[in-house]
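A.B. asks: Any chance you could fold what I've pasted below:
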Amino acid sequence: MTARPERVPAEEVRQRMLDAGRELAEEVGAALTIEHLRLEEVIQRARVPRSSVYRMWAYREDYIDDLLVYLAGSGSWFRERPVLDPRTFDAVGQILGDNAALLATPAGRRALLCEIVRVVATHNYATLTDSVQWRLRMALIATLGSTRGTTARQRIAAALGDSQRAARESMVAILGQLSAVLGLRLRDPAYTLDHVQLAGGLFIQSLAMRNVQVQAALATPHGELAAPGPAAPGPAGPGPGPAGAELTGAADATVVDGLLNVSIPGPGLHGEPTEWSLAALGYLGVLDAFFELDPDFKPPAG
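C.D. replies: Predicted coordinates:
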């Protein structure tokens, strides 16, 4: 006697299909390839009846549209996670706890600001670069305008806007706490913490995206790093064949990799120079453009 197939409520079918699609999307790692997901593969991953799926989504494109909206909004990996890695808060607490006496002077507060930025921005840059989920989100944003119909594009854009607003509000709150602890004030009444968040966040994300591109250029098909090509002597002339072009591209990627990921000197907590990342030093520049030390700041007792 043949066993009856499992009966699954429609809402559970929908959720399983969206979660399975998200798993497959994270495995391939780019929103562009979501267009090529096979519905049968998703059904097998979700372990739901085919008939229920095709009643819910008559066409594969309808499922893809709903999956993209899910990835952009309620199913986003970042939706239920803090905007910064919790370990960075532990690091900031340690820095402030170990060096609370520095809050008593403007020079000390400046040193604390530099150290916090050095640690947090460097960690955030590295975390984004290594995050498959973040790369998926960036690819979804990048391909939004060219790959979807008007209705789907509006739904995806609205979902992205909701999740981005939540992240922005969280980061603005963090910047407000930091400025209160360190006695920072905005340089101009026209400046807001939203300006600071947007400028700083886009700066870090753009460097992380460039790093993703560079690491992909350096990697061979087998995942090993390609050897950089030699610099061409003399003035630029007609380019060599395809092999020479690959060497030139690898050499350029190696140069940019060194700029992005090799430490450079910057201010240390107690006056001595220490190692900084380009991302952290640039983010400090963003903060300096908007903030200044408040001369009337009085550190809280204790």
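
A.B. asks: If you count neighbours, what's buried in the lengthiest helix in the chain?
C.D. replies: In the chain, taking DSSP state H as the definition, the longest helix is helix 150-182. For helix 150-182, a neighbour-count test (16 or more other C-beta atoms under 10 Å) marks 152-153, 155-157, 159-160, 163-164, 167-168, 171-172, 174-175, 178-179, 181-182 as buried. For every residue, glycine as well, the C-beta is placed using N, CA and C.

A.B. asks: Around residue 116, how many other residues sit close by?
C.D. replies: Residue 116: 22 surrounding residues under other C-beta atoms under 10 Å.

A.B. asks: cool, residue 265 as well?
C.D. replies: 10.

A.B. asks: The chain should start at 31 in everything you say after this.
C.D. replies: Got it, first residue is 31 now, which makes that one residue 295.

A.B. asks: Dig out what it forms beta bridges with.
C.D. replies: residue 305 (DSSP bridges).

A.B. asks: wouldn't it be in contact with residue 308 here?
C.D. replies: No. The criterion here is C-beta atoms under 8 Å, and residue 295 misses it with residue 308 at 11.7 Å.

A.B. asks: beta partners of residue 321?
C.D. replies: residue 216.

A.B. asks: residues in contact with it?
C.D. replies: Applying C-beta atoms under 8 Å, 6 or more residues apart in numbering to residue 321 gives the contacts 209, 214, 215, 216, 217, 226.

A.B. asks: Next up, the contacts around residue 237.
C.D. replies: Residue 237 touches 155, 290, 308, 309, 312, counting by C-beta under 8 Å, 6+ apart.

A.B. asks: burial measure for the fourth one, as a count.
C.D. replies: Burial of residue 309, expressed as a neighbour count using other C-beta under 10 Å, amounts to 26.

A.B. asks: Read off the pLDDT value for it.
C.D. replies: On pLDDT, residue 309 comes in at 97.

A.B. asks: tell me the phi and psi of it?
C.D. replies: The phi and psi values for residue 309, taken as degrees, to the nearest 10, are phi -60, psi -40.

A.B. asks: Three-state assignment for the closest residue to it other than its chain neighbours, please.
C.D. replies: In space, and not counting its chain neighbours, residue 309 is closest to residue 155: 3.8 Å by C-beta to C-beta, 6 or more residues apart in numbering. What DSSP: H, G, I helix; E, B strand; the rest coil gives for residue 155 is helix.

A.B. asks: Residue 238 versus residue 155, what's the distance?
C.D. replies: Remark: distance between residue 155 and residue 238 (C-beta to C-beta, to the nearest Å) = 6 Å.

A.B. asks: Next secondary structure after the helix or strand harbouring residue 146?
C.D. replies: In this assignment (DSSP states H and E), residue 146 forms part of helix 136-160. Using DSSP H and E, the next helix or strand after helix 136-160 towards the C-terminus is helix 162-177.

A.B. asks: angle of that next one against helix 136-160?
C.D. replies: 70 degrees (axes from the mean of the first three to the mean of the last three C-alpha atoms, to 10 degrees).

A.B. asks: so how many other residues sit close to the closest residue in space to residue 192 that isn't next to it in sequence?
C.D. replies: Of all residues not flanking residue 192 in the chain, residue 103 sits nearest, at 5.8 Å (C-beta to C-beta, 6+ apart). For residue 103, the tally of surrounding residues (other C-beta under 10 Å) stands at 17.

A.B. asks: Spell out which residues sit in contact with residue 103, please.
C.D. replies: 109, 188, 189, 190, 192, 193.

A.B. asks: From residue 167, how far off is it?
C.D. replies: Distance from residue 103 to residue 167, by C-beta to C-beta: 11 Å.

A.B. asks: tell me which element the closest residue to residue 198 other than its chain neighbours falls in.
C.D. replies: Leaving aside its sequence neighbours, residue 198 sits nearest to residue 227 (C-beta to C-beta, 6+ apart; 5.8 Å). Applying DSSP H and E as the criterion places residue 227 in helix 223-248.
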